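> okay, structure incoming, though there's no sequence with it:
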Ligand SMILES: Cc1ncc(COP(=O)(O)O)c(C=O)c1O
């Protein structure tokens, strides 16, 4: 801790970026009701002020759950992929925990009551320490960042956008006042749809395997330098997913981050970094890809490094090995980082947190006070108790044979994250290996000859690639580019129809593969009409681990069969008005 203090006080404070706050955000005062909470918590205080129901009226007397040990991923598996050992971890939340220490008082009387907008104190304190000392131990501004709990990243983003953008109305406002947000050219559409209805410009930046491009045509510098002010203000906000980007799977190296950050400083841009997949970084991808494609043809090795070697260690080899956040180079305090438990515990938790400079977190706190107030007490207390359960609860001591009711603690949490990463790493390997091995198909004639040639139809055998992809270095997705140019029916149907037909064909028996069409991730009409049609996104997360290979084989078999078709007559649905994005469907 002394070392941390010393490190942080030698830095300058974050910049005052309050000129970026929206007008509503500037106007917000603290919630009067919430302001009284600090006194509620004083021992002996008789509260006749707040409308707080007494805990004896809560119908729950205890919450209990059987849960995984943090070592679950390292344990031997049954044939169904489940751990052979029974769950031995028991989480019990009592009605009242007899302590006045609010950081140790994990019980229903506090968790199911109205709480503070920062989050449930024991959990928020754990997360604050985790974020500041372990995930991002080297944030370069004085005193380091603050955190606030959210109901997941979607909620975090909505609040950050509310804090940092002014809505624009074309019937009332000057075009010169229209604000804009930068996105990767293929993006998580929930994020785009958080911004778009506010009347803001959605501005896209080119992406390669190394994430958002800083330079070159369509790169960040190009977009900002050549900004056309007739469209509105130059964007002052960026939304980016830098690890296992959804949908492209790209990962932004530290070197690329520095280039982007420098541009954001030059043009005074705030970066919202949304990282649900951050823990899922796959050091083995490069090695496996190199086996198939040769060393020179694969992406740089981002791993096998200790990213904190120059400063403070996270205290864990696993965390030190992860490509660091934009926060690690955020000298100005212009990074707002979104984290979530959706991919590390479960999406239905609706729990996450924001990490940013204190002044930005304070404004988001004000938004929280009058919107969600706090994440659900049920969820916060179950997660808090899983991680922090104190020894001595009679119920837990009885049930938990080896640990006497202790929580996972930080060590267990990091062990869980590392095990989860290993499990996804096996999945990415299984899916990519099958796709890699099945990439080509032998077709009997080149496209132009398919219908017109009088040659013997078996006289020319061609081996052509059906698709291309990069092995993802992180995340849950494989971004597959369809090589429609090799399809024998290209000249008859055209590129877009070939790709649409493939999507429908894969849905059919015997393949039954539901993939996500690239058009679902196109933030603008120009990209939607441009090249988005040639991509599909495959996700290796939703199925049981031992089904990944089989499902991937179905995909390859479907592609093979599709490249052998004589025509698309049997694909009745070949009407792209029923493509998911045209029906307003979305994919997370
Ligand atoms: C980039 C990105 N951000 C956010 C989310 C949703 O996160 P949460 O469940 O925490 O709202 C997803 C889910 O797929 C995602 O891919």
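In hand now; what should we look at? Keep in mind it's a predicted model, so treat the numbers as computed, not measured.

> find the centremost residue of this structure, please.
The centroid of the chain falls nearest to residue 276 when counting by CA atoms, centre = their mean (2.5 Å).

> grab the nearest non-local neighbour of residue 334.
residue 270 (5.1 Å; CB to CB, 6 or more residues apart in numbering). All C-beta atoms are positioned from the backbone trio N, CA, C, and that covers glycine.

> help me confirm that that neighbour comes into contact with residue 237.
Yes. At 5.3 Å, residue 270 and residue 237 qualify as touching, with contact defined as CB atoms under 8 Å.

> residue ranges with poor pLDDT in the stretch 151-300 of the chain?
Within the stretch 151-300 of the chain, no stretch has pLDDT under 70.

> interface residues of it facing the ligand?
Contact residues (CB under 6 Å from any ligand atom) of the stretch 151-300 of the chain with the ligand: 152-154, 188, 241, 246, 274, 276.

> most surrounded residue in those?
residue 241 (30 neighbours; other CB atoms under 10 Å).

> residues contacting that residue?
184, 187-188, 273-277 (CB atoms under 8 Å, 6 or more residues apart in numbering).

> poorly predicted segments of the stretch 351-500 of the chain, please.
In the stretch 351-500 of the chain (pLDDT under 70), the answer is 391-405, 445-460.

> which SSE is the spatially closest residue to residue 324 that is not a sequence neighbour in?
In space, residue 324 comes closest to residue 307 once its chain neighbours are excluded; the distance is 4.9 Å by CB to CB, 6+ apart. In the assignment (DSSP states H and E), residue 307 maps to no helix and no strand.

> before we move on, the earlier item: residues contacting the residue nearest to the centre of the chain?
153, 241, 246, 338-340, 342-343.

> widest-spaced pair of those?
246 and 339 (14.9 Å; CB to CB).

> ramachandran coordinates for the residue of the stretch 351-500 of the chain at minimum distance from the ligand?
Closest residue of the stretch 351-500 of the chain to the ligand, CB to the nearest ligand atom: residue 352 (4.9 Å). Dihedral pair for residue 352: phi -170, psi -160, per degrees, to the nearest 10.

> identify the residues contacting it.
Counting by CB under 8 Å, 6+ apart, residue 352 has contacts 149-153, 155-156, 338-342.

> okay, these in TSV with secondary structure next?
Formatted as TSV, the contacts of residue 352 follow (DSSP: H, G, I helix; E, B strand; the rest coil):
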residue	secondary structure
149	strand
150	strand
151	coil
152	coil
153	helix
155	helix
156	helix
338	strand
339	strand
340	strand
341	coil
342	coil
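
> quick one on the thing from earlier: give me the common contacts of residue 270 and residue 237.
Common neighbours of residue 270 and residue 237 (CB under 8 Å, 6+ apart) are 20, 164.

> tell me the spacing between the residue lying closest to the residue of the stretch 351-500 of the chain closest to the ligand once chain neighbours are set aside and residue 27.
Nearest residue to residue 352, sequence neighbours excluded (CB to CB, 6+ apart): residue 340, at 3.6 Å. Separation of residue 340 from residue 27 (CB to CB, to the nearest Å) stands at 29 Å.

> between the two, who's got more neighbours?
residue 340 (25 against 9).

> list the contacts for that one?
Counted by CB under 8 Å, 6+ apart, residue 340 has contacts 150, 152-153, 156, 276, 351-352.

> burial count for residue 197?
Residue 197 - counted by other CB under 10 Å - has 8 other residues nearby.

> may I have the phi/psi pair for it?
According to degrees, to the nearest 10, residue 197 has phi -70, psi -10.

> point out the residues in this protein that sit beside the ligand.
Residues of the chain lying near the ligand (CB under 6 Å from any ligand atom): 152-154, 188, 241, 246, 274, 276, 340, 342, 347, 352, 588.

> could you rerun that using 8 Å?
Within the chain, the positions lying close to the ligand (CB under 8 Å from any ligand atom) are 150-157, 188, 190-191, 241, 245-246, 274-277, 338, 340-343, 347, 350-352, 588.

> now residue 407: closest residue in space that isn't a chain neighbour?
residue 389 (3.7 Å).

> quick check, that neighbour in contact with residue 409.
No. Residue 389 is beyond contact range of residue 409, at 9.2 Å (criterion: CB under 8 Å).

> quick check: residue 339 vs residue 390, distance?
25 Å.

> what about the two, which has more around it?
residue 339 (28 against 17).

> roughly how far apart are the more buried one and residue 145?
12 Å.

> okay, and the common contacts of those two?
The contact lists of residue 339 and residue 145 share 131, 355, where a contact means CB under 8 Å, 6+ apart.

> quick one: residues contacting residue 268.
20, 236.

> for it, helix, strand, or coil?
Reduced to three states by three-state DSSP, residue 268 is coil.

> do you know the pLDDT at residue 571?
Model confidence at residue 571, given as pLDDT, is 88.

> quick check: it vs residue 497, distance?
Relative to residue 497, and taking CB to CB, residue 571 is found at 10 Å.

> pull the longest helix from this structure.
Assignment by DSSP state H gives helix 409-437 as the longest helix of the chain.
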